[in-house]
Structures are given as structure tokens and as C-alpha cells.
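**Student:** Predicted structure and sequence below. I'll ask about it afterward.
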Amino acid sequence: MLGLWIYWYVYNYIVFEKVGDQISPQLTYDITNVVPFVIGLVLLSGLSFTTSLIFRHLSVQLRLAKLYDNFISNVTHELKSPLSSIQLYLETLNERNVSPDKQEEFIDLMTTDVNRLNNLINSILEISALEQKKLAHNYQVQDAELTIKNLLMDSAGQFRLPNDAINISGSAPCEIVTDAKAMKIVLDNLIDNAIKYSVDSVKIDVNLSCNLKRFIIEFSDRGIGIPPGELKKVFNKFHRIQHSKVPNVKGTGLGLYLTKEIIRNHGGKVSVLSEGENKGTKFTIELPVYQASKKHFINKLLKRK
Amino acid sequence: MDNNSYKEIKILLVEDEKTLAVGLEFNLVEEGYLVEWAKDGREAVSLFESDNFDMIILDIMLPYIDGFEIAKIVRKANPQMPILMLTARTSKGDMVKGLELGADDYITKPFHLKELLLRVKGMLKRKAWYQKATSNEPVYSFGRNKINFENLKCKCGNKELKLTPHEAMVLKYMINNKGKIVSRKELLEKVWHLNPDIETRTVDIFISRLRNYFEEDPSTPIYIKSVRGAGYVFEG
């Protein structure tokens, strides 16, 4: 558009220079020709800038709408599967003679489903709390190694992982400022992903370390890995990897988004690495060491209640 | 089926949610069926290929190979295998896609146990009816058309084509009731086992497809005629 404008202007200018006098002598004026040129230029560049902005915004909106549809369909599935299994067991127990052994098994399975529903509902609520900045609010100075170890052990118990599933190495004699509840969500999500995307039994290696400024958690699994093209996108809200080799299709696309946002709220960052298919995935979380990095930011977190 | 030749009915249950699968298996076994459980798409395909099943209960969202793909594979190998789709999605598009790919019926999660068992029973009954109805007379001819109801292959003049199981069932039902008026509702009940989500218009679509195959001039049918306000009648 801009090019067209310049062409039009220059062409007119040349024509005017050549034949202007002859056509209508009264049209000649003395104002320098630069003024209308510049005004036109500014107007047009403004116009093209706005148009491109609108188009960009529209395409982002469209992409979001598509992702959101995906999310709704995933959530529908995630809600309805446990619900239908609970309904099935209730009707079975109501209509059939079920042996005490089986009754116990069914009640166990129903409990699993109730927990699943609860987790899903929580993660949806967590998103909205996070977006209103209400999720992480109880920041405290804590021993880095101890806190993370305890949280990992908690999660392992909750996911009913065998004792040797998580192997913690390294040491981190430093302090961090964290909201333990929010940090638990982060670790739960990482463990949940490791379980979902491991073909055989889950093996997780966690290495803890700290340098002068940063406390570093390296979280590696030996699962199916992430294709290179997807690495950048895994932290996006609602994003899910569509891959025929993914052994688990369940999920909402919220977990890693939550993880990233929580770590960001802590003043840290999270990154992901995968060497490729079947070579596992490694998440690295970096958090500022208390009183050594991002002092101002961290002190503000501590004051927040 | 008399007691001497009593053969257990074998169902392939394809469902990746363990909790749901265990409950379904328990109930199907209580009903007297033999059940094999496949927990993902790959396992489903290999089980299907290695064994003879009487019907398949198929979830759509599955690891590795989804339910739609499995339905396609199954249909290609066995045109008459009854397939019941389980779906959590409620969009009409999904159901239509499932039915087009050859599922015979679908049930949306969460479902009632009794309804599911009735559907299973209905589908097996239909299959038995179809097999019985076609075993005496597997090949039927009318006009220039010759239909093999076992492998669903047809010769229409010099064209050759393959019917879908539902098309075959509709046609078979019409032929069995030759000369009698068959209402849309009756077809829905007998062929589809009445699924309230399927509109009577579905019947019309099937009839028009059959006319396209077998009538020389589909707009003035001579075999499958419409009876205004009542339904259809087959005159072959």
C-alpha cells in the first residue's frame, strides 16, 4: 500500500511538472510539495500498521478459539470418563449381587475416579486463581533442598509410585522463597507428565544444586520425549502434543502452563530439553537464591499476603 | 442355538480407562459373555486379528490408534462385525463420523448400565437375525441386480459395488417383507434398534442410496417404491 502511494505520488508529481501549467495555471501553488507527501506517508503507514495489527490480533484470536475448543473437548472427556465409571459401579452395586472382594475393588476404583475428578476440577480452579494472581500468595523463606525433597516424597506417595521411582541426587545448601502449595502443583504436574509419557515403569531423576545466585532443579524422565518442533509450545496454555505415538491422550493442556506461570511468579524460569523420540525429557527449574538474587522482587513476594 | 452347539459369545472391549473397563468387563461377564479387554488401539487391532469376536465395544479416544481408525480396519476385514462406539463427546459430527465409518450404534458417556447391556443384546440379536436370514439364501437377484449378502458384494448391471452392513440390513429387511409396506419407524426399530438420536431422515438417506445402486432410474423407482405417508415397499 505504501509503495502504491509513493508510486502514485511520484507519478502525479512528474505529470504535474510536465503538463500542470498547461492544464490549469491556477493549480500551481507555492507550498513545498514535501508537506502533502509527508502527511500522506504518515497517514498510510499508520493505516498499514493498524491493519497488520488487527490481522495479527485476529489470527491470535482464531488460534486461541481453536485451542479452547480442543480444551473443552478434552475436559469433557476428562470429566465424563470418571463420571461414567462411577455411575457404572453404583448401578452395578445396586443391581447385582457383588461379592465382598469385588465390592472392595469397585470402591477402590471409584475412589480413584473421584480423586481424578477432584484433581481436574482443582486444576481448572487453579488456573483462574493463578490468573487473578491469587494462587501463590503464601511465600516463605525455606531450605531449598529439604522443601523440594519433602514435596517430591509427598507427590510420590500420592501417585502411588514405588520407592525407587524417583531418584534424588545432588545437594543444595541454600534458601529459597517459595509458596509450598504452589510448588507442589509444579512438581505434581511434572511427575504426572512423567507417568503419562513413560511407556514402561516410571523412572525419574531429580538433581538439586545451587550456585551463588540460583537454585536449580533438574527433573528428567525416561519417557517418550518431545519432538523438537513441539519444545517451544509445550508451555502454552491448552497446548497438547498431537502425536500418534503418544501413549496417553488424556489431559487438559493446562499442566505445563500452570508450571511456567507459577515459576515465573516465583521470579524463576523453567525450560525443557529433549534429545528426541524415546530419549526422555528434562525440565530445568531455576529459582533465585534468597538474598543473593532479585532481592527487591523477592522481598515484595514475602510481604504479599 | 441349542445347548449342544452352544458357543459363548465373545466381545472385544476396547477402552483405555482402566476403571471403566474393569466395570464393563465385570458386567458383560455376569451377562454370560466372554470378554477380551484391549487397553489401547494397537492392542485392539492385534487382538482383533488374532481371534474371532462376535462384537466390538469401542471407545473413540484411544492411545496410538483411535476408535475411528479401528472401525475402518475392522470394517475392511469383516463387513458384518457389530461395532458399538463409546464416546464422551456429544457433538453430532463425531457420531455421524462414527456411523459413517461403519459403527452400528453408539452410546455416550456417562451411560446407564441397563441401556448399554440392552444395546449389546440388540446388536447381537440383529447379527444373528441377519446371519439366519442370509444363510438360506445368501445371494438374491432382482432385475439386473445380484446381491451377495455374505460378503456384501453386488452386481448391478455391469457395475460392481460393496454395500455397507447397514445398507445390506435395510435391503434384506425390505426383501424379507416383499410386497408389504415397511414404515420408517419399523426400519429404525428393526435395523437400527431404534436410536432416538437417529432421525427418520436417516432411513430416507439409506433408501435413496439403495435406489441409486439398484434402480435404473432412481427418480422413478420400480423396486423400492415410496408409499406416501406410510413408508416403503419392495417389489422385486
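**Tutor:** Cool, got the structure.
**Student:** What pLDDT is listed against the closest residue to chain A within chain B?
**Tutor:** Residue of chain B nearest chain A, by CB to the nearest CB: B:P110 (3.4 Å). For glycine as for every other residue, the C-beta is placed from the backbone atoms N, C-alpha and C. The pLDDT attached to B:P110 in the predicted structure is 89.
**Student:** pretty sure it is touching A:S84, no?
**Tutor:** Yes: with contact defined as CB atoms under 8 Å, B:P110 counts as touching A:S84 (3.4 Å).
**Student:** who's more crowded, those two?
**Tutor:** Using other CB atoms under 10 Å in any protein chain shown, the more surrounded residue of B:P110 and A:S84 is A:S84, with 25 against 17.
**Student:** Hmm, B:G23 and the more buried one touching each other?
**Tutor:** No: contact between A:S84 and B:G23 fails when scored by CB under 8 Å: they sit 9.1 Å apart.
**Student:** residues touching A:K203, list them.
**Tutor:** Applying CB atoms under 8 Å, 6 or more residues apart in numbering or on different chains to A:K203 gives the contacts A:A165, A:N167, A:D221, A:R222.
**Student:** swap in B:I83?
**Tutor:** B:I83 touches B:M55, B:I56, B:L58, B:A71, B:V74, B:R75, B:G102, B:A103, B:D104, B:D105, counting by CB under 8 Å, 6+ apart.
**Student:** what's the nearest residue to the fifth one if we skip its chain neighbours?
**Tutor:** Closest residue in space to B:V74, ignoring its immediate chain neighbours: B:M81 at 5.4 Å, by CB to CB, 6 or more residues apart in numbering or on different chains.
**Student:** Likewise for the fourth one?
**Tutor:** Of all residues not flanking B:A71 in the chain, B:L101 sits nearest, at 4.5 Å (CB to CB, 6+ apart).
**Student:** Briefly note if the lowest-mean-pLDDT helix or strand in chain B comes near chain A.
**Tutor:** Least confident helix or strand of chain B, by mean pLDDT, DSSP states H and E, is helix B:92-100 with a mean of 71. No: Helix B:92-100 does not reach chain A (CB under 8 Å from any CB of the partner chain); its nearest approach is 9.2 Å.
**Student:** Which other helices and strands does the helix or strand following that helix contact?
**Tutor:** The helix or strand immediately downstream of helix B:92-100 is strand B:105-108, counting by DSSP states H and E. Counting contacts by 3 or more CB pairs under 8 Å, 6 or more residues apart in numbering or on different chains; DSSP states H and E, strand B:105-108 is packed against strand B:83-87, helix B:92-100, helix B:113-135.
**Student:** Phi first, then psi, for the most centrally placed residue in chain A.
**Tutor:** The centroid of chain A falls nearest to A:Y257 when counting by CA atoms, centre = their mean (1.9 Å). Main-chain dihedrals, A:Y257, degrees, to the nearest 10: phi -60, psi -50.
**Student:** Would you mind confirming that B:R75 makes contact with B:D104?
**Tutor:** No: using CB under 8 Å, B:R75 makes no contact with B:D104, being 10.2 Å away.
**Student:** Which of the two has more residues huddled nearby?
**Tutor:** Neighbours of B:R75 and B:D104, each counted by other CB under 10 Å, are more numerous for B:D104; the result is 28 against 17.
**Student:** and that one, what does it touch?
**Tutor:** Contact partners of B:D104, counting by CB under 8 Å, 6+ apart, are B:P82, B:I83, B:L84, B:M123, B:R126, B:P165, B:H166.
**Student:** will you turn these into JSON lines that also has pLDDT?
**Tutor:** Output for those, formatted as JSON lines (pLDDT from 0 to 100):
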{"residue": "B:P82", "pLDDT": "88"}
{"residue": "B:I83", "pLDDT": "90"}
{"residue": "B:L84", "pLDDT": "91"}
{"residue": "B:M123", "pLDDT": "86"}
{"residue": "B:R126", "pLDDT": "81"}
{"residue": "B:P165", "pLDDT": "75"}
{"residue": "B:H166", "pLDDT": "77"}
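**Student:** What strand or helix carries the residue in the stretch 1-150 of chain A positioned nearest to chain B?
**Tutor:** Across the stretch 1-150 of chain A, the shortest distance to chain B (CB to the nearest CB) belongs to A:S84, at 3.4 Å. In the assignment (DSSP H and E), A:S84 maps to helix A:34-95.
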